[in-house]
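**Student:** Predicted model and sequence below, questions to follow.
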Amino acid sequence: MFYVKFLAKRFVAIIITLAAVIAISYVMMYYSPGGFMNTTQLASALAPLAAQDPAAYQKLMEQFQSRYGLNLPLWKQVLLYEWHTFTFNFGNSMQNPTLSIVSQLKDALPISVFLAFGSVVVSVVIGIPMGVIAALKRNSWVDYLVTTLSMFGQAIPSFVLAVLFVLIFGVVWQNVLPVTGWGTPADAVLPILSLAAGNIGVVARYMRGSLIETMRQDFIRTAKAKGVKYWALVIRHGVRNSLTALITVIGPQFAFTVVGTVWVENIFAIPGLGKVISTAFTNFDFPMAITAVFILGATIMLTNLVVDLIYSWMDPRVKLQ
Amino acid sequence: MAIAVSQPQAPARRARRNSPMYRAWQRYRKNWFAVAGLIWVIIFFIIGIIGPWIAPYSYTYADFLHMHSGPSWQHWFGTDTVGYDVFSQILYSIRYALEIALGATCVSFLIGVILGLWAGLAGGLIDIIVMRAVDFMFALPSFFFALILMVLLGKGIFPMILAIGVPGWAGYARLIRSLVLAMRNGEMVEAARALGASQWHIARKYMFPNVMGSMVVSLAFGIPYDLTAQAGLSIVGMGLNPPMPSFGNMLAQAGANILGFPWLLYFPAGVFAITLLSFLFVADGLQEAFNPKGGV
């Protein structure tokens, strides 16, 4: 019963947030100085028509506006758009008017989700052992190496790493790993690595701090006095108790990684949601842009919800609210 | 003799040594990475100020005779696909990157301080509204808000400052609000007030030194984040328009032309990476210096 109430509350919050995001983005794009029909390519293609036959040009523009409901009053547009989005009726994009947005995103979304989740998984798998070793060998050269490496990972954005990977695997070691495109599992290695570097740094640093803190607790001393073997002590008593705190960083890191996919997909030419977003924004393709932000936002917020549930399940002392 | 001479100065020096700033600097100095980062950050600022004067070429000057040429005496870091001098482009992009990142951080900080103070001091309904807005801003990455704002504001330096700065206020507002609440109900302030200290005295001697550390640290972490966001917008194609040099544009171009002209990548990526690292080292050093107990 408690969980039902908690979930209901969170879902309402998510829906309100998404509705606000859609309304804000719609109004901003409505008042933006450029428009889809004014982008350089289209405007220059339509210029002769506008000059020769202003009536036909006017008719074309009106047709375009009425197709996307742009001739309605603003409040009506926003409400209609909200209604359509929350009934998952995303309509058609402006760039490909004959294709529905759903059919265009159907292939793109799984790619981005795979990249984002993959990089979080990789960062947990690599970052936790790094943090544990650094914490156990505190102030040794291993510790300094891990701390410095994780600083590097955190500081250097995924797009810089991505370009460096393109250099290393595109120029120096050719034919080891593909640097552009999408299709085979090998294509996912470099994007996931460049996205994971920052997360590895965060996870390792957090794990280190958290484990050092845990190993100072009284129950560790008790376990040691009881004669628990060293590795059992570290893993069963230390790491397990530190992991609960680590869960809290996964949520923000996931959001951060989703932004990273937008950059990395552009550099590795991966047809994911990030690539869709950047083409939609640069071409003023508003329905597509808002839908993509809506879907990424929903993914992030649902992931955060799941993270909170896992956290309360792992550490029953934590109160959900 | 020596004792007699040094005696009159002693109280003043001891007071200086006990000031939080001095002790923070003592701790900061011990961190080699932080000092190295600070030195590079200072150089970076100097280049940002004098860059356009020492740049050998204008950023609009395309040397058509030396397109895609590697590093040489004429073009230290080579030229790109249009013939722009990469060294000059880097000098100009440092200036624009700094303008945008510092401007955006100031905008975020200003909005955050105003809303955080308002929420913390007024309390009640205003507090609830501001904190709901903070939750809202944290629900989505601020980069998406920046993208949407860029569409509204158009391209350019000032729009970028606003697009990156305006969505970034939430973290500062939450920090300031929590500091205000902690201070207002703190025993130290209460004790000072009981002893008859004036508001101004309390603010200057008790509140400011305690609040300053957290604010400096959060500002120091904000700048590299805004630098990244600024380059990230260009990667997506929503940054400065191409003749205006920026790290994001150079990196995107380098990625596209990497097979033939790797030097287009070495220098911009190197300078950008070192800069971000230095800012992070400085921020980390400041965190340790101002907050020696806590922090992971």
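**Tutor:** Received the coordinates, thanks.

**Student:** interface residues of the stretch 151-296 of chain B facing chain A?
**Tutor:** Residues of the stretch 151-296 of chain B lying close to chain A by CB under 8 Å from any CB of the partner chain are B:151-152, B:154, B:224, B:228, B:231-232, B:235-238, B:248, B:251-252, B:254-255, B:258-259, B:262, B:265, B:269, B:272-273, B:276-277, B:279-281, B:284, B:295-296. In this view, the C-beta of every residue, glycine as well, is placed from N, C-alpha and C.

**Student:** can you give me the helices in chain A?
**Tutor:** Assigned by DSSP state H, the helices in chain A fall at A:2-30, A:40-52, A:54-67, A:74-86, A:101-136, A:141-155, A:158-167, A:186-215, A:218-226, A:230-232, A:240-267, A:273-282, A:286-314.

**Student:** Just tell me which of the ones you listed ends up closest to chain B.
**Tutor:** Of all the helices of chain A, helix A:186-215 sits nearest to chain B, with 3.2 Å by CB to the nearest CB.

**Student:** in the closest one, what counts as buried?
**Tutor:** Judged by neighbour count using 16 or more other CB atoms under 10 Å in any protein chain shown, the buried positions of helix A:186-215 are A:187-212, A:214-215.

**Student:** swap in stretch B:278-295?
**Tutor:** Neighbour-count burial for stretch B:278-295 flags B:278-290 (criterion: 16+ other CB under 10 Å).

**Student:** for stretch B:148-160, same thing?
**Tutor:** Buried residues in stretch B:148-160 (16+ other CB under 10 Å): B:148, B:149, B:150, B:151, B:152, B:153, B:155, B:159, B:160.

**Student:** What are the contacting residues of that stretch?
**Tutor:** A:24-25, A:28-29, A:31-34, A:281, A:284, A:289, A:293, B:96, B:99-100, B:103-104, B:162-163, B:166-167, B:230, B:233, B:238-241, B:244 (CB atoms under 8 Å, 6 or more residues apart in numbering or on different chains).

**Student:** Leaving out the residues flanking it, which one is nearest to residue 277?
**Tutor:** Picked chain A for this. In space, residue A:277 comes closest to residue A:292 once its chain neighbours are excluded; the distance is 4.6 Å by CB to CB, 6 or more residues apart in numbering or on different chains.

**Student:** switch to chain B, that's the one I care about
**Tutor:** Nearest non-adjacent residue to residue B:277, counting by CB to CB, 6+ apart: residue A:155, 4.4 Å away.

**Student:** ok, that neighbour to residue A:188 distance?
**Tutor:** Counting by CB to CB, to the nearest Å, the gap between residue A:155 and residue A:188 amounts to 24 Å.

**Student:** before we move on, the earlier item: farthest-apart pair in the buried residues of stretch B:278-295, please.
**Tutor:** The largest separation in the buried residues of stretch B:278-295, counting by CB to CB, is between B:278 and B:290 at 18.4 Å.

**Student:** which parts of the stretch 151-300 of chain A sit against chain B?
**Tutor:** A:151-152, A:154-157, A:159-160, A:162-164, A:166-167, A:170-171, A:205-206, A:208-210, A:255-256, A:258-259, A:262-263, A:266-267, A:277-278, A:281-282, A:284, A:289, A:293, A:296-297, A:300.

**Student:** filter the residues you listed to the buried ones?
**Tutor:** Judged by 16+ other CB under 10 Å, buried ones among these: A:151-152, A:154-157, A:159-160, A:162-164, A:166-167, A:170, A:205-206, A:208-210, A:255-256, A:258-259, A:262-263, A:266-267, A:277-278, A:281-282, A:284, A:289, A:293, A:296-297, A:300.

**Student:** Tell me where chain B has helices.
**Tutor:** B:2-6, B:10-18, B:20-29, B:32-54, B:86-122, B:124-139, B:142-153, B:157-165, B:169-184, B:187-194, B:199-201, B:208-235, B:247-256, B:263-290.

**Student:** Could you provide these in JSON lines, with additional columns for mean pLDDT?
**Tutor:** Below are the helices of chain B laid out as JSON lines (pLDDT from 0 to 100):
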{"stretch": "helix B:2-6", "mean pLDDT": "48"}
{"stretch": "helix B:10-18", "mean pLDDT": "61"}
{"stretch": "helix B:20-29", "mean pLDDT": "80"}
{"stretch": "helix B:32-54", "mean pLDDT": "87"}
{"stretch": "helix B:86-122", "mean pLDDT": "89"}
{"stretch": "helix B:124-139", "mean pLDDT": "90"}
{"stretch": "helix B:142-153", "mean pLDDT": "88"}
{"stretch": "helix B:157-165", "mean pLDDT": "91"}
{"stretch": "helix B:169-184", "mean pLDDT": "87"}
{"stretch": "helix B:187-194", "mean pLDDT": "83"}
{"stretch": "helix B:199-201", "mean pLDDT": "81"}
{"stretch": "helix B:208-235", "mean pLDDT": "86"}
{"stretch": "helix B:247-256", "mean pLDDT": "78"}
{"stretch": "helix B:263-290", "mean pLDDT": "85"}
